[in-house]
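1. predicted model, plus sequence, below.
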Amino acid sequence: MLLKSSFSCPYCWLEILMLVDTSIKKQSYIEDCEVCCNPIEIIVQFNNS
């Protein structure tokens with residue numbers, strides 16, 4: 001299942017929308033901001049609850 005999520009870029013403060021795959025319990029990757037192009041480390045973890 002995909003979950004819509006949003007967060008603010010720590011560099012330019014733009015709100016970034018993304019889809020996260022909830023079937024992968026632990027995720028970690030680097031995503032560039034769409035506006036300022038700075039790298040952002042994304043870490044997502046889902047619990048079974």
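-> Okay, I see it. Numbering: from 1, shown residues only.

2. contacts, neighbours, all on C-alpha from now
-> OK.

3. residues near the nearest residue to residue 26 once chain neighbours are set aside, how many?
-> Once flanking residues are discounted, residue 26 sits nearest to residue 45: 4.5 Å by Cα to Cα, 6 or more residues apart in numbering. By the criterion of other Cα atoms under 10 Å, residue 45 has 10 neighbours.

4. repeat for residue 9
-> 19.

5. thought it was touching residue 15?
-> Yes: in this structure residue 9 lies within contact range of residue 15 using Cα atoms under 8 Å: 6.4 Å.

6. and residue 23, its phi and psi?
-> phi -80, psi -20 (degrees, to the nearest 10).

7. grab the most central residue of this structure for me.
-> residue 42 (4.8 Å; Cα atoms, centre = their mean).

8. next, that one: secondary structure please.
-> The three-state assignment at residue 42 reads strand, by DSSP: H, G, I helix; E, B strand; the rest coil.

9. check contacts around it.
-> 27, 28, 29, 30, 31 (Cα atoms under 8 Å, 6 or more residues apart in numbering).

10. ok, and the closest non-adjacent residue to the last one?
-> If you skip the residues right next to it in sequence, residue 31 has residue 40 as its closest partner in space, 5.3 Å away by Cα to Cα, 6+ apart.

11. now do the third one
-> Once flanking residues are discounted, residue 29 sits nearest to residue 42: 5.3 Å by Cα to Cα, 6+ apart.

12. turn the contacts of residue 42 into a markdown table, including secondary structure and neighbour count.
-> Formatted as a markdown table, the contacts of residue 42 follow (DSSP: H, G, I helix; E, B strand; the rest coil; neighbours: other Cα atoms under 10 Å):
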| residue | secondary structure | neighbour count |
| --- | --- | --- |
| 27 | strand | 13 |
| 28 | strand | 10 |
| 29 | strand | 10 |
| 30 | strand | 11 |
| 31 | strand | 12 |
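
13. what's the closest of these to residue 21?
-> Closest approach between those and residue 21, by Cα to Cα: residue 27, at 9.1 Å.

14. how close does the closest one get to residue 41?
-> 10 Å (Cα to Cα, to the nearest Å).
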